[in-house]
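*Asks:* got a predicted model here, sequence first, then my questions.
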Amino acid sequence: MYEKFSTQLQSSLKPATELFAINAKAMEQLAQQQTGLFTSLLNDNVALAKTISTQSNLMGAIEVQKAYAENVQGKLVSAAKEAAGVISKSQEEAGEIFKGAFEQAKDLAATAAKGGKK
């Protein structure tokens, strides 16, 4: 009886365990992406400061600043798309888990209903 209870408990907790694993994987990927983005932006900022300090006229400094702003915008857009992709993939995987869990619950309910009618 204990073995049956243990098996049922493990079976019922499997979807929650899978969801936790998906969330942990997504958080790890997002953290790595954000760390890379932050490092890249920091390096770009240092390069901007060096480049602007060498400019002798205002127009040159403005052009450097404009290029920097466009570069940052591109990186932010790219990072947002990557993050959305990670989240979307996680949502799809979670949806499959929920679908499987609901099917399993439906089957268990049908089996229990058949057992109760005898």
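*Replies:* Looks like it arrived, so ask away.
*Asks:* show me what the strand or helix carrying residue 19 is packed up against.
*Replies:* Following DSSP states H and E, the helix or strand that holds residue 19 is helix 2-54. Using 3 or more C-beta pairs under 8 Å, 6 or more residues apart in numbering; DSSP states H and E, the elements in contact with helix 2-54 are helix 58-117. All C-beta atoms are positioned from the backbone trio N, CA, C, and that covers glycine.
*Asks:* by contact count, what packs against the helix it packs on?
*Replies:* helix 2-54.
*Asks:* avg pLDDT for the helix it packs on?
*Replies:* Confidence over helix 2-54 (mean pLDDT, whole number) is 89.
*Asks:* by how many degrees do it and helix 58-117 diverge?
*Replies:* 170 degrees (axes from the mean of the first three to the mean of the last three C-alpha atoms, to 10 degrees).
*Asks:* contacts only, for residue 100.
*Replies:* For residue 100, the contact set (C-beta atoms under 8 Å, 6 or more residues apart in numbering) comprises residue 15.
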